[in-house]
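Trainee: only geometry, no sequence info:
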């Protein structure tokens, strides 16, 4: 029997210090607001927090990869929660697309659209590149 699919709210922090601050709860609040505004009922929502750098290879993002196998939709605060490397963000997008899992960013809901328009594809690549630039500058 297949596992029941659920909607998830995902938060990623880079360090344990950040995990002990308001970072994950803030990300959950923002992503949950987008989820509730979309009319998703509170039942079957799973909250997941992962403490890992957003620039590590996708294969090391254990909790997020598990979500891609078990969730129908993953809500995040922003693309920053997905990845801090543009190539990794694209890799995650392609895995999600292959699995039919929607990733919804509260600040740009169509950023990871499963059937993107040319403009949405361009914006995804641009936003991911900007996230990488932000990380590299910091």
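Mentor: Cool, the structure landed. Source: prediction; values computed, not measured. Numbers count the residues shown, from 1 in each chain.

Trainee: how many other residues sit next to residue 56?
Mentor: 14 (other Cβ atoms under 10 Å). No exception for glycine: its C-beta is placed from N, CA and C like everyone else's.

Trainee: please report how far it lies from residue 78.
Mentor: Taking Cβ to Cβ, to the nearest Å as the measure, residue 56 falls 18 Å from residue 78.

Trainee: could you pull out the buried residues of the longest helix along the chain?
Mentor: The residue-count maximum for a helix in the chain (DSSP state H) belongs to helix 118-137. Residues of helix 118-137 classed as buried: 123-124, 127-128, 131-132, 135 (neighbour count, 16 or more other Cβ atoms under 10 Å).

Trainee: list the contacts for the closest residue to residue 61 other than its chain neighbours?
Mentor: Nearest residue to residue 61 in three dimensions, chain neighbours excluded: residue 52, at 6.3 Å (Cβ to Cβ, 6 or more residues apart in numbering). Residues counted as contacts of residue 52 (Cβ atoms under 8 Å, 6 or more residues apart in numbering) are 12, 14, 60-61, 63.

Trainee: hang on, the earlier thing: pick out the most distant pair among the buried residues of helix 118-137.
Mentor: Distances among the buried residues of helix 118-137 were taken as Cβ to Cβ; the most separated pair is 123 and 135, at 18.7 Å.
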